[in-house]
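Predicted model and sequence below, questions to follow.
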Amino acid sequence: MTKDKLIHTAHLMNSVIEVYLTTDKEKVYQIKCLTGNRCRQYNFSATEYIDNKRLGYKKVKQELENLVN
């Protein structure tokens, strides 16, 4: 099993959001954890994530640019 790369973490008032980039650099997913140990995962393609300017999209874009260089 390969480990996906943690790109960004946001600590908000009532939640913590972690943004991961898969090892193939094609998919991004967020894990949002709320109070009471409630967690949910949201999946996106990398281009969709950047185009919609979701949380941490600049870091995802930078990772993809580093892949090209």
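Alright, I've got the coordinates.

Look up which helix or strand the spatially most central residue of the chain falls in, please.
Among the residues of the chain, the one closest to the centroid is residue 19, at 2.3 Å (CA atoms, centre = their mean). Assessed by DSSP states H and E, residue 19 sits inside strand 15-21.

For the helix or strand following that strand, name the packing helices and strands.
Downstream of strand 15-21, the first helix or strand assigned by DSSP H and E is strand 27-34. The elements that strand 27-34 packs onto, with contact taken as 3 or more CB pairs under 8 Å, 6 or more residues apart in numbering; DSSP states H and E, are strand 15-21, strand 38-45, helix 46-51. Where C-beta positions appear, they are placed from N, C-alpha and C, glycine not excepted.

same thing but 6 Å
Packed against strand 27-34 by the contact rule (3 or more CB pairs under 6 Å, 6 or more residues apart in numbering; DSSP states H and E) you find strand 15-21, strand 38-45.

residues of that strand that come out buried?
Residues 27-28, 30, 32 are the ones in strand 27-34 that count as buried (16 or more other CB atoms under 10 Å).

Look through the chain and tell me its longest helix.
For the chain, the helix that runs over the most residues, judged by DSSP state H, is helix 57-68.

ok now stretch 13-29, how far from the chain's centre?
Put simply, stretch 13-29 sits 2 Å off its chain's centre (CA atoms, centre = their mean, to the nearest Å).

wait, stretch 46-66
Computed by CA atoms, centre = their mean, the separation of stretch 46-66 from the middle of its chain amounts to 8 Å.
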